[in-house]
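Peer 1: coords below, sequence missing:
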Ligand SMILES: [Fe+2]
């Protein structure tokens with residue numbers, strides 16, 4: 001028996017509080033996430049053990065990871081084969097996490113985006129500098145029928161002293177996806193504080209794992225077992241499970 005199957009059997013019951021995870025890096029060897037199929041399968045099994053039954057994984061599409069739809073689809077084929085070979089039954093699909101850079105503009109202009117069903121689009125900023133014209137871009141995307149979701153707004157430190165910006169963007173109709181790992185304090189105190197600010201402002205529309213590696217899963221397992229996490233769940237009204245099904 002594979003070691004991760006054995007360890008799964010020893011875990012007590014965990015509940016992440018939603019069934020659809022909308023942000024992760026689980027396709028093998030395509031970005032800074034899972035390195036190979038076995039790692040992907042272990043990550044997926046451990047997510048399933050937390051109560052997740054649907055995954056829309058989101059490989060980076062960015063200047064640093066210029067993945068094409070063809071490359072992403074090929075990595076997904078390899079993973080689907082692994083899921084079948086190991087009798088793992090899960091609704092596993094992909095969209096992407098779009099870094100707002102010139103690469104995004106190219107995909108956007110050429111009509112090559114791969115949104116979630118319902119036209120949800122997961123976008124992320126650079127960690128170092130704000131995207132100039134984010135308000136205008138969000139306005140434009142919404143007018144064109146997209147539903148932008150800003151990935152981990154709490155991780156952009158340049159907004160920490162400018163929390164009105166969160167109000168502005170959220171009021172424009174942009175949804176916010178907060179990382180569970182941020183609330184757990186994994187990225188530092190300041191990011192945790194910003195995540196709690198979003199929680200207390202009623203701005204957490206989606207929670208997600210943003211799982212890249214086993215160490216992320218270990219930290220999430222520890223945190224979702226705490227009473228702090230249960231309190232968080234009682235304060236949010238998550239949209240995770242309202243994402244429409246793939247056709
Ligand atoms: Fe991510």
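Peer 2: Yep, that arrived. Predicted model, so just to flag it, every value in this text is computed and none were measured.
Peer 1: I'd like to know which residues of the chain are adjacent to the ion.
Peer 2: Proximity of the chain to the ion, by CB under 5 Å from the ion, involves residues 97, 210. Using the backbone N, CA and C atoms, a C-beta is placed for each residue, glycine as well.
Peer 1: Which stretches in the chain count as strands?
Peer 2: Taking DSSP state E as the test, the strands found in the chain are 20-21, 54-57, 60-61, 91-94, 97-99, 120-124, 147-151, 175-179, 206-208.
Peer 1: In TSV: the ones you listed, plus mean pLDDT.
Peer 2: Listed next are the strands of the chain as TSV, based on pLDDT from 0 to 100:
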stretch	mean pLDDT
strand 20-21	98
strand 54-57	98
strand 60-61	97
strand 91-94	98
strand 97-99	97
strand 120-124	98
strand 147-151	98
strand 175-179	98
strand 206-208	98
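Peer 1: most neighbours per residue, which of those strands?
Peer 2: strand 206-208 (a mean of 26; mean count of other CB atoms under 10 Å).
Peer 1: Can you get me the centre-to-centre distance for that strand and its chain?
Peer 2: 7 Å (CA atoms, centre = their mean, to the nearest Å).
Peer 1: Among the strands of the chain, which comes closest to residue 217?
Peer 2: Using CB to CB as the measure, strand 20-21 is the one of the strands of the chain that comes nearest residue 217, at 11.6 Å.
Peer 1: Please tell me how far that closest one is from the chain's geometric centre.
Peer 2: 8 Å.
Peer 1: Quickly list what residue 54 is bridged to.
Peer 2: residue 20, residue 91 (DSSP bridges).
Peer 1: pretty sure it contacts residue 18?
Peer 2: No: contact criterion CB atoms under 8 Å: residue 54 and residue 18 do not qualify, at 9.4 Å.
Peer 1: in this protein, which spans are helices?
Peer 2: 3-10, 37-48, 69-85, 102-109, 134-143, 164-172, 180-183, 189-200, 214-224, 227-235 (DSSP state H).
Peer 1: just these: most buried one?
Peer 2: Counting by mean count of other CB under 10 Å, the most buried of those turns out to be helix 180-183, with a mean of 24.
Peer 1: what's the average pLDDT for it?
Peer 2: Regarding helix 180-183, the rounded mean pLDDT is 98.
Peer 1: Which among the helices of the chain is found nearest to residue 29?
Peer 2: helix 69-85 (7.0 Å).
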